[in-house]
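Student: What follows is a predicted protein model with its sequence.
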2 protein chains.
Amino acid sequence: MNEPHIHSPASPNARPTAREQIAACGGRVTRTRLAVLEALHGSAHPLSHDELGDMLAAEAIAHDRVTLYRALDWLVERGLARRIAGGDRAWRFEVVRGAAHRHAHFHCDRCGQVLCLEQLEAAPAAALPTGYSVERAELVLHGHCAACGPEHSAAEIR
Amino acid sequence: MNEPHIHSPASPNARPTAREQIAACGGRVTRTRLAVLEALHGSAHPLSHDELGDMLAAEAIAHDRVTLYRALDWLVERGLARRIAGGDRAWRFEVVRGAAHRHAHFHCDRCGQVLCLEQLEAAPAAALPTGYSVERAELVLHGHCAACGPEHSAAEIR
DNA sequence: CTTCTAGTGCAACATTGTAGCATCTGGCGT
DNA sequence: ACGCCAGATGCTACAATGTTGCACTAGAAG
């Protein structure tokens, strides 16, 4: 585990660029990693593989699903991104903004959209049997987003 | 764990048997549903599809993965069972014991075991954007269980 | 510019879950 | 007890998501 707090020499207080973040982790700066990290930085909500794949395809960058998987794995492993398990069995990814900042997520069961709930902190450990150790907590609220409506069956959506 | 087998059709206050539960939902009492529901009732922790499949195979009941999927879907749909998303992309299932009783779960990232944390209620809604509605909250703690050890890499453990 | 190896791309595979359809059977009426 | 038939089952085939192995490409260091 290392410190991704390497700032650009010119602007020590600014958020490091994607390029700087990648280099600071000892990895090569490749178009795939760059594009993925920038896409995550630019998105208001966590992105699925599929969404990222579409974005990269639009930029004619990644021509392979596997490359994307590996780039994401690398980002997660280096602490630059975080993996979130949605209700379906597809991962979502978001950038890690603050070191210890963990927030809950909202998953729309209708359209699959995932939203960050910055205000809601995932409450950590309660009474666990001895020998158990908690590394992280994931709090996911399920329901319907505004676009999908509270209850009326909007069959035409999606 | 706490299975008081005191369920006769004549005692309306006791917990209904699996057979009664199924019949009460308007479904046919088949060996698959019966075996699945009883397996869930008898288990201290949520069971994965795989585990259930093995149990049914041992009893020579379900000869098909699909049948098991459908039986579980039916139980969930009728409110007799509940589906939990683990860290991997396999569902776990547990019986619904009390109508509104929702508890958190612990997922061992090493062996995949899931544990119920009865004391820990999944804290519901916080500030959500207008138009969003929450149906349920899932709180999952991730870490290592006692068998897998807190940090030493026990490579021989699955 | 050359070299070394991390990263990429491809193909094949693994796991988990669904769809369609023929067959069987639990519960019902007779 | 008998037969009916929609609901359940058991196939096979398929879909979605993620992983592994290996040959090839291209960052970046010298």
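Tutor: Good, I have the coordinates.
Student: Pull the contacting residues for A:L75.
Tutor: By CB atoms under 8 Å, 6 or more residues apart in numbering or on different chains, the contact set of A:L75 is A:33, A:36-37, A:40, A:81, A:93. In this view, the C-beta of every residue, glycine as well, is placed from N, C-alpha and C.
Student: Who wins on neighbours among these?
Tutor: Most neighbours among the contacts of A:L75, by other CB atoms under 10 Å in any protein chain shown: A:V36, with 29 neighbours.
Student: Convert the helix or strand harbouring it to CSV, retaining C-alpha atoms only.
Tutor: Using DSSP states H and E, A:V36 falls within helix A:31-42. Provided in CSV are the C-alpha atoms of helix A:31-42 (Å, rounded to 0.1, in the frame of the first residue of the first chain):
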residue,chain,number,x,y,z
ARG,A,31,-4.2,5.3,-23.4
THR,A,32,-6.4,2.7,-21.9
ARG,A,33,-5.7,3.6,-18.3
LEU,A,34,-5.7,7.2,-19.0
ALA,A,35,-9.0,7.1,-20.8
VAL,A,36,-10.6,4.9,-18.1
LEU,A,37,-9.4,7.0,-15.2
GLU,A,38,-10.5,10.2,-16.9
ALA,A,39,-13.9,8.8,-17.7
LEU,A,40,-14.3,7.8,-14.1
HIS,A,41,-13.2,11.3,-12.9
GLY,A,42,-15.7,12.9,-15.3
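Student: how many neighbours does the closest residue to A:A90 other than its chain neighbours have?
Tutor: Nearest non-adjacent residue to A:A90, counting by CB to CB, 6 or more residues apart in numbering or on different chains: A:S48, 5.2 Å away. A:S48: 18 surrounding residues under other CB under 10 Å.
Student: On the pLDDT front, check A:S48 for me.
Tutor: At A:S48, the model reports a pLDDT of 94.
Student: beta partners of it?
Tutor: When assigned by DSSP bridges, A:S48 has beta-bridge partners A:R92.
Student: if we can go back for a sec, and the helix holding A:V36, how far out from the chain middle?
Tutor: 11 Å (CA atoms, centre = their mean, to the nearest Å).
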